[in-house]
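J.: curious how this folds, go ahead:
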Amino acid sequence: MDELGHRHIAAYAHTQLDSGRGPVTVHRCLATLSSALGDAVRQHRLAHNPARPTAIPRPATPERRVWTPQEAVRFLDYCHDADPLIADLCELLIGTGMRKGEALGLHWADVHLPEQVLYVRYALSAVNNTRLVITTPKTRASKNWVALSPRVIKALEHHAATTRIHTGDPSDLFTGLVFCRPDGQPLRPQTVLDRFRKRAKEAGVPRITLHDLRHLAATLTLTAGIPLTIVSKTLRHSTLSTTANIYSHLTHQAAHDAVNAIDQTLTQTDARSSHHPHWPTWLRPHRDHTNQHHNPLRALYSPALTPTSPSASQLQGTRATTTRPPHRNTRKKAAPATRGNGLRPAKTLVGTTGFEPATP
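T.: Numbers count the residues shown, from 1 in each chain. Sure thing, here's the model as predicted:
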């Protein structure tokens with residue numbers, strides 16, 4: 001492990017790509033290796049993680065195909081007759097935006113139909129597509145309450161009435177699953193995906209994945225005008241930026257609606273203001289209204305100036321700037337007293353004597 005370097009990992013990645021493996025698969029393999037080596041660094045078993053930076057860039061996320069509301073309704077109507085289990089599962093995925101593993105790991109103990117909520121506590125995962133395990137949800141924010149709509153409640157009630165609820169050892173995490181096989185064992189994610197795609201082909205709708213139903217739920221809520229913050233909380237994303245980055249293409253219409261609302265408000269305000277009559281030119285106050293009209297009034301009501309006033313010598317016709325004669329300070333400051341030696345105290349201490357010569 002000490003001799004493992006970045007060049008070895010880069011050589012492995014390029015060898016896999018040259019053999020025909022997909023970039024997404026190779027990138028996931030490198031991410032798993034980087035996670036393991038990062039854990040070794042945290043345990044001080046390695047000095048650094050040789051898998052960082054990644055040997056190949058992260059592949060671009062492909063554009064997902066999302067059903068239209070008409071296609072979703074057509075699929076659900078067909079599955080309610082052909083495969084009720086898949087229909088009830090898809091009703092839950094579309095109606096709540098839950099992940100596939102969270103729905104397959106849901107227990108009846110966490111479903112509260114009278115309160116119209118359920119709690120996401122576990123997730124079902126397949127290790128190497130062979131061994132099934134119950135794990136925690138994807139992120140800390142994923143472990144949270146989820147609201148249920150009347151349509152989803154109806155689907156869960158139908159599923160509870162048509163399937164047998166198995167009880168057993170409470171410590172066994174595979175006991176009490178909502179969606180399971182007839183013997184109570186968990187459903188394999190790949191088996192569910194195969195059944196889902198088979199029913200989609202029979203219903204005549206485009207081929208998608210089960211995770212795309214989560215994107216369908218987000219698309220339906222965003223296009224309905226639900227704020228992005230509420231959609232992010234419904235999907236239980238860890239941050240708001242995660243929702244904004246994934247569904248940025250769906251917020252373009254919201255941006256257009258925002259600027260159109262500004263334009264409409266300003267246009268309506270301008271239309272209302274145009275109905276008010278404007279003042280004629282001869283009634284509009286002059287820009288110097290205060291100086292031209294107030295000064296004569298001030299002179300009219302001011303006391304007459306006496307001949308002894310300093311302002312009485314002003315030329316007639318010259319507009320005075322004030323009605324009060326300026327104040328003149330005729331007092332003179334007394335010269336500071338000097339000492340007998342011709343020196344006076346200094347304002348500031350100079351040297352060591354504190355005196356400076358008197359200015360003649």
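J.: OK, contacts around the most centrally placed residue in the chain?
T.: What sits nearest the mean C-alpha location of the chain, by Cα atoms, centre = their mean, is L240, with 3.4 Å. L240 makes contact with 228-229, 232, according to Cβ atoms under 8 Å, 6 or more residues apart in numbering. Backbone N, C-alpha and C define where each C-beta goes, glycine included.
J.: all strands of the stretch 51-200 of the chain, in order?
T.: In the stretch 51-200 of the chain, the strands defined using DSSP state E, counting those that start in this stretch lie at 111-112, 117-119, 123-127, 131-135, 145-147.
J.: to A51, which of the ones you listed lies closest?
T.: In terms of Cβ to Cβ, the element of these nearest to A51 is strand 123-127, at 21.2 Å.
J.: sketch out the low-pLDDT regions of the stretch 201-350 of the chain for me.
T.: For the stretch 201-350 of the chain, residues meeting the criterion pLDDT under 70 lie at 249-254, 274-350.
J.: let's see it at 50
T.: Where the stretch 201-350 of the chain drops to pLDDT under 50, the residues are 309-315, 317-318.
J.: from the contacts of L240, which single one is nearest K154?
T.: Nearest member of the contacts of L240 to K154, counting by Cβ to Cβ, is S232, at 26.6 Å.
J.: pretty sure that closest one contacts T243?
T.: Yes: look at S232 against T243 with Cβ atoms under 8 Å: they come within range, at 4.0 Å.
J.: do you know which of the strands of the stretch 51-200 of the chain lies nearest D194?
T.: Shortest distance between D194 and the strands of the stretch 51-200 of the chain, using Cβ to Cβ, is found for strand 123-127: 13.2 Å.
J.: would you put the C-alpha positions of the closest one in PDB?
T.: The C-alpha coordinates for strand 123-127 follow below in PDB (Å, rounded to 0.1, in the frame of the first residue of the first chain):
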ATOM      1  CA  ALA A 123     -32.900   1.900   2.800                       C
ATOM      2  CA  LEU A 124     -32.400  -1.400   1.000                       C
ATOM      3  CA  SER A 125     -29.200  -2.000  -0.900                       C
ATOM      4  CA  ALA A 126     -27.700  -4.900  -2.900                       C
ATOM      5  CA  VAL A 127     -24.000  -5.600  -2.400                       C
END
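J.: could you point out which element follows the strand or helix carrying N245?
T.: Assigned by DSSP states H and E, N245 falls within helix 240-246. Next in sequence after helix 240-246, counting helices and strands by DSSP H and E, comes helix 252-274.
J.: that following helix: how far from the chain's middle?
T.: 24 Å (Cα atoms, centre = their mean, to the nearest Å).
J.: one more: stretch 207-225?
T.: Stretch 207-225 sits 19 Å away from the centroid of its parent chain (Cα atoms, centre = their mean).
J.: list the contacts of K233.
T.: Contacts for K233 (Cβ under 8 Å, 6+ apart) come out as none.
J.: one step back: would CSV of the strands of the stretch 51-200 of the chain with mean neighbour count and mean pLDDT be doable?
T.: Converted to CSV, the strands of the stretch 51-200 of the chain look like this (neighbours: other Cβ atoms under 10 Å; pLDDT from 0 to 100):
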stretch, mean neighbour count, mean pLDDT
strand 111-112, 16, 95
strand 117-119, 18, 96
strand 123-127, 17, 92
strand 131-135, 14, 92
strand 145-147, 16, 95
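J.: list the buried residues for stretch 147-157?
T.: Using 16 or more other Cβ atoms under 10 Å as the test for burial, stretch 147-157 gives 148, 152-153, 155-156.
J.: just the C-alphas of it, formatted as PDB.
T.: Output in PDB follows, covering the C-alpha atoms of stretch 147-157 (Å, rounded to 0.1, in the frame of the first residue of the first chain):
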ATOM      1  CA  ALA A 147     -46.100  13.900   3.800                       C
ATOM      2  CA  LEU A 148     -48.600  11.600   2.100                       C
ATOM      3  CA  SER A 149     -51.200  12.700  -0.400                       C
ATOM      4  CA  PRO A 150     -54.700  11.100  -0.600                       C
ATOM      5  CA  ARG A 151     -53.600   9.300  -3.700                       C
ATOM      6  CA  VAL A 152     -50.600   7.700  -2.000                       C
ATOM      7  CA  ILE A 153     -52.600   6.800   1.100                       C
ATOM      8  CA  LYS A 154     -55.100   5.000  -1.100                       C
ATOM      9  CA  ALA A 155     -52.300   3.100  -2.800                       C
ATOM     10  CA  LEU A 156     -50.800   2.000   0.600                       C
ATOM     11  CA  GLU A 157     -54.300   1.000   1.900                       C
END
